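>>> just need the structure, nothing else, for what follows:
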Amino acid sequence: MIDKSKLPTVSYEGMNAMHYEEVARINGLLEKLDKGAAVSEITEAVEALLEHMQEHFDYEEGMLQNRGFGMFDIHRSDHNRIMGETRMAYMNWRNFKDREALKAFMEEEFIEWLNLHIQAMDSVAADFLNRLERDDDDSFRPQ
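Model prediction:
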């Protein structure tokens, strides 16, 4: 489980909101795994997480690409990597229904990735977006 209060935050509130939504889905999935929920409930929880991940990544990538973020390709590549790994974990779940394997992926790989990605990638992206917005606001001020 992820303690939302310990999740790294960034200087762009829209990104933090996406991260909190994702944490809710991750925690919901982990709770279902811990409580021995039905296979269909776990499957739905993973599918909801994957859908949210796509929305989250599209949101960030759209903002960054449209504004000429210099590290866009690196940022997108990191999203693509974890999306691929999460889809693979989902396929393994669909094929083998191995609760421990899915839980291990989420706790040992996904959560670590999320924390590192926020700290190393999203913090830089958020600062970039805030600088642009600040510069845009300043450009409309009378001299």
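
>>> quick one: contacts of the helix or strand where R134 lies?
R134 belongs to helix 123-139 when elements are defined using DSSP states H and E. Applying Cβ atoms under 8 Å, 6 or more residues apart in numbering, the external contacts of helix 123-139 come out as P8, V10, S11, Y12, M15, E60, M63, L64, R67, F69, M71, H75. No exception for glycine: its C-beta is placed from N, CA and C like everyone else's.

>>> try it again with 7 Å
For helix 123-139, contacts defined as Cβ atoms under 7 Å, 6 or more residues apart in numbering pick out V10, S11, Y12, M15, E60, M63, L64, R67, F69, M71, H75.

>>> for L30, what are its contacts?
L30 neighbours (Cβ under 7 Å, 6+ apart): M1, K103, M106.

>>> now do 6 Å
M1 (Cβ atoms under 6 Å, 6 or more residues apart in numbering).

>>> buried residues in stretch 65-74?
For stretch 65-74, a neighbour-count test (16 or more other Cβ atoms under 10 Å) marks F69, F72 as buried.

>>> for it, how far is the first residue from the last?
12 Å (Cα to Cα, to the nearest Å).

>>> average pLDDT across it?
Stretch 65-74 comes out with an average pLDDT of 96.
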